[in-house]
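Engineer: Sharing a model that was predicted from the sequence below.
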Amino acid sequence: QVQLVESGGGLVQPGGSLRLSCAASGNIFSINAMGWYRQAPGKQRELVAAATTGGSTNYADSVKGRFTISRDNAKNTVYLQMNNLKPEDTAVYYCNAEEVVVLGRADGYDYWGQGTQVTVSS
């Protein structure tokens, strides 16, 4: 069974910083991409940032220049450094692992974390 465990959310003032972490556990052989999505009240879930095993990254336009995603492939962990946070960044942030292949299997599946709340407010 693959699990994603997130940490690092919380309350921060505008202009502040937070670092989110997400660790995938289980008998994992490979993960194609890991990333972060967010969902604000009344809005659809949206991609924030993603990183492939090969090092390619993708960011939402709204966070470019402020957020940085990084991966530790050996630890199956992804991080999201969020700087210069704005009230509109307030949302539940979800970790995603794409095309996770476990040992002994050939097919891959996507998994989600339970979500961590980020609130940006003065």
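Structural biologist: Nice, I can see it. Computed from a prediction, not measured in an experiment: that's the story for all the values here.
Engineer: Tell me the spacing between residue 70 and residue 109.
Structural biologist: The span separating residue 70 from residue 109 equals 24 Å under the rule CB to CB, to the nearest Å. For glycine as for every other residue, the C-beta is placed from the backbone atoms N, C-alpha and C.
Engineer: likewise residue 35?
Structural biologist: Distance from residue 35 to residue 109, by CB to CB: 15 Å.
Engineer: residue ranges for the strands of the protein, please.
Structural biologist: 3-7, 10-12, 18-25, 28-39, 46-52, 57-59, 67-72, 77-82, 91-102, 108-112, 116-120 (DSSP state E).
Engineer: Identify all contacting residues around the fifth one.
Structural biologist: Identification of contacts with strand 46-52 by CB atoms under 8 Å, 6 or more residues apart in numbering yields 32-39, 57-60, 63, 67-71, 78, 80, 93, 96, 98.
Engineer: if you set the cut-off to 10 Å instead, what comes out?
Structural biologist: By CB atoms under 10 Å, 6 or more residues apart in numbering, the residues outside strand 46-52 that reach it are 20, 31-40, 56-60, 62-64, 67-71, 73, 78-82, 89, 91, 93-94, 96, 98.
Engineer: Kindly report the same for the second one.
Structural biologist: Residues lying outside strand 10-12 but in contact with it, judged by CB under 10 Å, 6+ apart, are 16, 18, 20, 82, 85, 89-90, 116-122.
Engineer: top of these by neighbour count?
Structural biologist: Neighbour tally across the contacts of strand 10-12 (other CB atoms under 10 Å): the maximum, 25 neighbours, falls on residue 82.
Engineer: Write down the beta-bridge partners of that residue, one by one.
Structural biologist: residue 18, residue 67 (DSSP bridges).
Engineer: looking at it, it is touching residue 19, isn't it?
Structural biologist: Yes. Residue 82 is in contact with residue 19 according to CB atoms under 10 Å; the separation is 7.1 Å.
Engineer: what's the overlap in contacts for these two?
Structural biologist: The contact lists of residue 82 and residue 19 share 8, 68, where a contact means CB under 10 Å, 6+ apart.
Engineer: and residue 70 and residue 109? which has more neighbours close in?
Structural biologist: residue 70 (15 against 12).
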